[in-house]
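1. Next come a sequence and a model predicted from it.
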Amino acid sequence: MTRLQGVSDLVGARVLVTGARVTGLSAARFLAELGAQVTVTDSSARQLQAVAATALKDAVRLVPALQAPPVGTDLVVTSPGLRPDTPVLVAANRAGVPVIGDVTLARWLDCARSGLRPGPGQTPAEWLVVTGTNGKTTTVGMLESILRAAGLDAVACGNIGLPVLDAVRAGHRVLAVELSSFQLHHSPGLTPRAAVVLNVSADHLDWHGCLERYAAAKGSVYAEGTTAVVNADDQWSTRLAAGHRGVSFTTAEPAVGQLGLVNEQIVDRAFGDDARTGTVLAATSDIRATGRHNVSNALAAAALARCIGVAPAAIARGLRAFTPGGHRGAPVGEHAGVCYLNDSKATNPHAARAALLSHRRVVWVAGGLLKGVDVDDLVIDTRDRLVGAVLLGADRAVIAAALARHAPNLPVRVVDSGDDGAMSEVVAAAAGLACPGDVVLLAPAAASMDMFTDYAHRGRAFAEAVAALGPTT
């Protein structure tokens, strides 16, 4: 077996791509065009049938549900969602077949300087990587907006939707890269120009096994030679960056070497000429995403941009131009004096906590798949804000038990229905608990796949149920 070290070794190589969805197809397409012998496998026969209906079917071999790489396989490129104990990956490791993620493949291509990339110049792009439990997508969006305000050829990619490999192939010069713990596990040694771990809290413990391994996957982004951007307000971010050169940020007043807040202004005391007084980059009013947690996200984006020399004026312009994505605290209606907010993206307790603490009187809509995490601390931290709760989904009883322990007098409604109409029942129950001036907040603290396709589907169902209450007021 040839030892593969980069793109030039892939011509003619026998490569198995595990997963036929967005990242898998991106990898398969590139490898086939490069001249590799590509096999694609997926546990879903329907997904492979969809690939068979595309032009890619003539360039790759499609095999359903492989339990081991075909004999003679030189490399496995795995989709990020596959756990290390998936049989095909276990078999690859036992056979000594290297396993990488699509992000490593993108890095190989970016560093190749082989003339394969379109666009001017052959030097690698600037990689600015964002990871963490919560706030990744918002921070990457803010960063992309700031970079474009500075006139740079930049794009947001990775876990945000556009595969990193496609962004590299397009020749973009600066990449604002969102990476999940899954992607980082399968793609060690990236060495980006700068990177941030926004925060770490219990999530995906069913995948990683424990919080420490989950955090270690996040922390691998702090590589030798990478400027570590550190959230000084988060214990894990600080701990994971120990020993790495970098800069930190805080939502308090910054010390020398930090970015932070002074009189509701984002001030840079790390990169400016005068570290004592600092440089004003923007006002908090320039941040269109609400909540203190989004101020922290803006500070992270500003710090990453400053790592590559973006001018102060572009920070404010970029933050003002950024439009928050859907399902992140978005208003979806007002009825009888009650505001309904969709934060379906709050898929873990840490994100739900930030959403709940942004409001004073909340009827909390929660539940779904908790992925092995505990919610007691979440309830303790937010119970003073709660005026009621409506629970649905597979782990609704776990949340109900935590509320009974720590907020025993709180009115709680549990919706046992698991069909498509459950959200209408949920919203009706929430409306019955709310008074004028209250907020009904969908912040599930859990994943959605027990009842919905994804968090966006759940958010849409909530918005549709709110609309069915009648005209907004």
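-> That came through fine.
2. can we go C-alpha only for contacts and neighbour counts from here?
-> OK.
3. now the closest residue to residue 10 other than its chain neighbours: how far from residue 163?
-> Leaving aside its sequence neighbours, residue 10 sits nearest to residue 36 (Cα to Cα, 6 or more residues apart in numbering; 5.9 Å). Distance, residue 36 to residue 163, using Cα to Cα, to the nearest Å: 20 Å.
4. do residue 432 as well
-> Counting by Cα to Cα, the gap from residue 432 to residue 163 is 44 Å.
5. Between these two, which has more neighbouring residues?
-> Legend: neighbour count by other Cα atoms under 10 Å for residue 432 and residue 163, higher for residue 163 (23 against 11).
6. show me the contacts for that one.
-> Taking Cα atoms under 8 Å, 6 or more residues apart in numbering, we find residue 163 in contact with 22-23, 26, 157.
7. ok, and the most crowded of these?
-> residue 23 (27 neighbours).
8. residue contacts, it?
-> Taking Cα under 8 Å, 6+ apart, one finds 79, 102, 163 in contact with residue 23.
9. Quick check: it vs residue 190, distance?
-> Distance of residue 23 to residue 190, given as Cα to Cα: 17 Å.
10. Likewise for residue 70?
-> Applying Cα to Cα to residue 70 and residue 190 gives a distance of 28 Å.
11. out of the two, which sits in the more crowded spot?
-> Taking other Cα under 10 Å, residue 70 and residue 190 do not tie; residue 190 has more neighbours (20 against 14).
12. you'd agree the more buried one is up against residue 221?
-> Yes: using Cα atoms under 8 Å, residue 190 is in contact with residue 221, at 7.2 Å.
13. for the stretch 101-250 of the chain, what spans make up the strands?
-> Under the criterion DSSP state E, counting those that start in this stretch, strands of the stretch 101-250 of the chain are mapped to 126-131, 154-158, 174-178, 194-197, 227-231, 246-249.
14. so which of those gets nearest residue 399?
-> For residue 399, the closest of the strands of the stretch 101-250 of the chain is strand 126-131, at 27.1 Å, according to Cα to Cα.
15. How far off centre is that closest one?
-> 12 Å (Cα atoms, centre = their mean, to the nearest Å).
16. cool, stretch 393-406 as well?
-> Counting by Cα atoms, centre = their mean, stretch 393-406 is centred 26 Å from the centre of its parent chain.
17. And it, what's buried?
-> 393-396, 398-400, 402-403, 406 (16 or more other Cα atoms under 10 Å).
18. Just name the closest of the residues you listed to residue 15, please.
-> residue 394 (38.3 Å).
19. Now do the contacts for the closest one.
-> The contact partners of residue 394, by Cα under 8 Å, 6+ apart, come to 367-369, 450.
20. swap in residue 282?
-> 265-267, 312-313, 315-316.
21. Please convert those to JSON lines, extending it with neighbour count and distance to residue 143.
-> What follows is these, written out as JSON lines (neighbours: other Cα atoms under 10 Å; distance: Cα to Cα, whole Å):
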{"residue": "265", "neighbour count": "17", "distance to residue 143": "18"}
{"residue": "266", "neighbour count": "29", "distance to residue 143": "15"}
{"residue": "267", "neighbour count": "27", "distance to residue 143": "17"}
{"residue": "312", "neighbour count": "21", "distance to residue 143": "13"}
{"residue": "313", "neighbour count": "14", "distance to residue 143": "14"}
{"residue": "315", "neighbour count": "31", "distance to residue 143": "9"}
{"residue": "316", "neighbour count": "23", "distance to residue 143": "11"}
